[in-house]
Each structure stands twice: as C-alpha cells, then as structure tokens.
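K.L.:
Show me how the following folds:
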Amino acid sequence: MIESIEQVFSINTPDLECYATLKQPQEHFAKKLFVIEGDKVVRRFLDTSLILVSVLFSQKWFEVFKDALQERPEPIKVFLADLTHMANIVGYQYHHGVMAVAKLPHTVTLDVAVTTPSSTHLIVALDKLDNAENIGVLVRNCAACGVSAILVGETCADPYLRRAVRNSMGTVFRVPIVRTSSLRESLLILRSNYTFQIIAAHPHDPSVSLYQTKFSKNTCIVFGSEGDGISPEILATCDTAVTIPMALSIDSLNVACASAIMLYEVNRQHAQNN
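P.N.:
Here you go, the predicted structure:
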C-alpha cells in the first residue's frame, strides 16, 4: 500500500540517495537494497513477492502504477519528480521516469537450489565476470532456458547490480541466486553430493565441441570472465571443457552470446531425455 506521497524538487536528498548514483553498490548492498529501472522491469517486480521500499516516478507514470502500488501488502514511499529533475539521475535514457528501490531477496543455499523439484537440474556458475550488462543478459538467458539457479563465485559481480537488473529485464527476480565464498568448493559439492557434471565453457584447447557433448544428467555450466575466461583453479575443477564451433577463425564469443547457445543445447538435450 502507499504509505506516503512526496513531491521532490532535488534528487540530492538522503531518501533519494540510492536513486542518484551508480557508484556505491556496496553501500546499497550493505543496506540490503537494490535499484530497479524502467517500466517493464518494475512491472515484473510487482508480479513477485519481493519487498518494495519506495518508488520515484514522474506524475504520468504514477498514474499508471498507482493502483498496483496500492494493492501491495508492504508500505511504500512514493516520490514524484518532474522530468527535468529526473533527467539529472544517472541513466535517464534507461529508466524514463520509472524507478524503484527494493529489498534484496534472501540468498538461496546450494542445497535448496538443487533439491527443488526438477527431473534434471541445469545450474550456471559464474567465475570472475565483472561486466554488469553481460551478467544481466546472461541471467535473462538462464531464465529462458530453465536454469535452476545461478551460482555466483566470490570474484564475480553481483546479478543485483543496477545495470545487471536492468539488462536482465527483471528475469533476475525469477532465477534463484546462490552466492558462494568458494566457487571451487561449491562445484565439488555439486559433483560429489548431487552427481552433477561440471562443464567449462572454454573456447581454447583442450576442449570438446558442443556438437559432441552429451548432457544427460544434472549439469553445471561454468562461464568465465570476458577477458581472461575461466580461472585455472576453476578450470581444473571441471570435468570437461566445451567449445562452440565457429567459422572464419573467430576464437570466442561475448559471454552473454555464448551462454545463450550453450544453455539452449543443454536444455534441448535434457528435454529429449525426460
């Protein structure tokens, strides 16, 4: 429900601090908050049971969302600003006068992610990815391909960064996120306790073609950083390294593009086997 409505004439106020910057994500996370941008992403958030804290809208968008906000169970602060003031907020071309702050969802444990009902699990693990836009698109691919959970390594940027949430188009709200302080240990647990095959998405030798790889059981695909790929320690933990065959001597794809191709193939094989 709407707790209060306040017209604001400057974004430089304490209540609007989260909206005004992209440069303090750790401070936001310490408060267990994250930022949502854009009408489509806000709509998808409102379809979840996650907790909304406040919204910052232009008057036009407030009229569009007013009834949906009033129907929410949690108290919501509404801040209204004209487009001139909202244009001063970083990323205006993305939010277009529709923003919100919400509470971070609780981190899912690996055990919970793996024991949720599913005939065959597909998990994605992220190692050293630091580009929030790529992470957001990768999350969207995961949602589209039925990924059970995303395992975020200790060296990886968070999927709830502002740009990642935006580029996921709100699908991050639907995919369980498992944060780990040791990606290597988590991968070993997946193999030993839950009989996962651990597959490295690795475009360099030695690797096996995606065309020749069988995905017949629980599978975890590991994606590495945009520049250096998967770290040697994590690569050594994987059972197999798999590459996407490419023409014209192209040696790699953007990690978001590569994830779409590989996850589609794993999901296709899992569907055939079930």
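K.L.:
Centre-most residue in the chain?
P.N.:
Ranked by distance to the mean C-alpha position of the chain (CA atoms, centre = their mean), the top residue is Pro159 at 3.7 Å.
K.L.:
Assign a three-state SS to that one, would you?
P.N.:
coil (DSSP: H, G, I helix; E, B strand; the rest coil).
K.L.:
Touching stretch 44-55 from outside, list them.
P.N.:
Contacting residues not belonging to stretch 44-55 are listed as 15, 33, 36, 42, 62, 65, 68-69, 72, 74, 76-79, 98-103, 105, 169-171, 173-174 [CB atoms under 8 Å, 6 or more residues apart in numbering]. Where C-beta positions appear, they are placed from N, C-alpha and C, glycine not excepted.
K.L.:
In CSV, list the C-alpha atoms belonging to it.
P.N.:
The C-alpha trace of stretch 44-55 is given here as CSV (Å, rounded to 0.1, in the frame of the first residue of the first chain):
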residue,chain,number,x,y,z
ARG,A,44,7.8,-7.6,-13.5
PHE,A,45,9.0,-6.8,-10.0
LEU,A,46,5.4,-6.1,-8.9
ASP,A,47,4.4,-9.6,-10.0
THR,A,48,6.8,-11.1,-7.3
SER,A,49,6.5,-11.3,-3.6
LEU,A,50,9.8,-9.4,-3.1
ILE,A,51,9.6,-6.3,-0.9
LEU,A,52,9.3,-2.8,-2.4
VAL,A,53,10.6,0.1,-0.3
SER,A,54,10.0,3.2,-2.5
VAL,A,55,9.4,4.4,-6.0
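K.L.:
which residues sit in contact with the residue nearest to the centre of the chain?
P.N.:
Here Pro159 is in contact with Ile135, Gly136, Val139, Ile150, Val152, Val165, Ser168, Val172, Ile177 (criterion: CB under 8 Å, 6+ apart).
K.L.:
For it, report the pLDDT, please.
P.N.:
Predicted confidence (pLDDT) at Pro159: the value is 95.
K.L.:
Next secondary structure after the least confident helix or strand in the chain by mean pLDDT?
P.N.:
The weakest-scoring helix or strand in the chain, judged by mean pLDDT, DSSP states H and E, is helix 92-95 (a mean of 59). Where DSSP states H and E defines the elements, the next helix or strand beyond helix 92-95 is strand 98-103.
K.L.:
Who are the packing partners of that next one?
P.N.:
helix 17-20, strand 33-37, helix 39-46, strand 52-57 (3 or more CB pairs under 8 Å, 6 or more residues apart in numbering; DSSP states H and E).
K.L.:
Just the buried positions in the next helix or strand after it, please.
P.N.:
Going down the chain from strand 98-103, the next helix or strand is helix 110-115, by DSSP H and E. Buried positions in helix 110-115, judged by neighbour count with 16 or more other CB atoms under 10 Å: Leu110, Ala113, Val114.
K.L.:
Show me the helices in this structure, by range?
P.N.:
17-20, 25-30, 39-46, 59-70, 83-86, 92-95, 110-115, 132-144, 162-167, 183-194, 232-237, 255-273 (DSSP state H).
K.L.:
Next, format these as JSON lines and append distance to Cys220.
P.N.:
Output for the helices of the chain, formatted as JSON lines (distance: least, CB to CB, whole Å):
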{"stretch": "helix 17-20", "distance to Cys220": "33"}
{"stretch": "helix 25-30", "distance to Cys220": "25"}
{"stretch": "helix 39-46", "distance to Cys220": "26"}
{"stretch": "helix 59-70", "distance to Cys220": "37"}
{"stretch": "helix 83-86", "distance to Cys220": "42"}
{"stretch": "helix 92-95", "distance to Cys220": "32"}
{"stretch": "helix 110-115", "distance to Cys220": "10"}
{"stretch": "helix 132-144", "distance to Cys220": "12"}
{"stretch": "helix 162-167", "distance to Cys220": "20"}
{"stretch": "helix 183-194", "distance to Cys220": "5"}
{"stretch": "helix 232-237", "distance to Cys220": "10"}
{"stretch": "helix 255-273", "distance to Cys220": "10"}
